[in-house]
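> Mind folding the following:
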Amino acid sequence: ASGGETAKVTYEWKLDRHAIGVKAVIGDRDTEGMIAVDPKTGGITYTAVDNQGGITTGTWTVSDDKATLKFAYTDRNGETRKGAIVHEKTTADTLRVKMYKVTDSGEIEPNDQEGFELVRLKK
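A predicted model of the protein is given here:
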């Protein structure tokens, strides 16, 4: 993560493979959420809460071999900010992740990004 922090993200099939549980620990923020497919629309949704009273809601899309989560994060004070996280597989064991701001109209700001790499831990 930015600033040299360590990030740990765990994905796990849940509910007879109808959802993916996501746990993330970045610095002092612990987040737990779910990714699921809406059976009516086929859209992929994400909802998570964190240990600081915030909630994240968003939608996933896939194009050009990149998975993108566009989200809105609302903190415990009711302040909301929008963003996008683009995931791109770089090797069998690594993902390059870039974070972007998103405008009020939903467009990703192309020059405003920070990134990091996720490495699969072998058990």
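> Would you mark the buried spots in the helix or strand that contains His87?
Assigned by DSSP states H and E, His87 belongs to strand 80-91. By neighbour count on 16 or more other CB atoms under 10 Å, the buried set for strand 80-91 is Lys82, Gly83, Ala84, Ile85, Val86, His87. The way it works is simple: take the backbone N, C-alpha and C, and place the C-beta from them, glycine included.
> Restricting to C-alpha, output it in PDB.
The C-alpha coordinates for strand 80-91 follow below in PDB (Å, rounded to 0.1, in the frame of the first residue of the first chain):
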ATOM      1  CA  THR A  80     -18.500  10.200   0.800                       C
ATOM      2  CA  ARG A  81     -15.700   9.900  -1.700                       C
ATOM      3  CA  LYS A  82     -15.700   7.900  -5.000                       C
ATOM      4  CA  GLY A  83     -12.900   5.900  -6.500                       C
ATOM      5  CA  ALA A  84     -11.900   3.000  -8.700                       C
ATOM      6  CA  ILE A  85      -9.500   0.100  -8.200                       C
ATOM      7  CA  VAL A  86      -8.100  -1.500 -11.300                       C
ATOM      8  CA  HIS A  87      -6.700  -5.100 -11.000                       C
ATOM      9  CA  GLU A  88      -4.400  -6.400 -13.700                       C
ATOM     10  CA  LYS A  89      -2.800  -9.900 -13.500                       C
ATOM     11  CA  THR A  90       1.000  -9.600 -14.100                       C
ATOM     12  CA  THR A  91       2.100 -13.100 -13.300                       C
END
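> That one pairs with which strands, and in what direction?
Neighbouring strands of strand 80-91 in its sheet, by DSSP bridges, are strand 66-74 (antiparallel), strand 94-102 (antiparallel).
> That strand - what's its average pLDDT?
Across strand 80-91, pLDDT averages out at 90.
> which residues sit against that strand?
Strand 80-91 has contacts (CB atoms under 8 Å, 6 or more residues apart in numbering) with 65-74, 95-104, 106, 108, 117.
> List only buried entries from the residues you listed.
67-71, 73, 95, 97-100, 102, 108.
> Nearest to Asp30 among those residues?
Tyr73 (14.4 Å; CB to CB).
> Excluding sequence neighbours, find me the nearest residue to the closest one.
Excluding the flanking residues, the one nearest Tyr73 by CB to CB, 6 or more residues apart in numbering is Thr56, at 4.8 Å.
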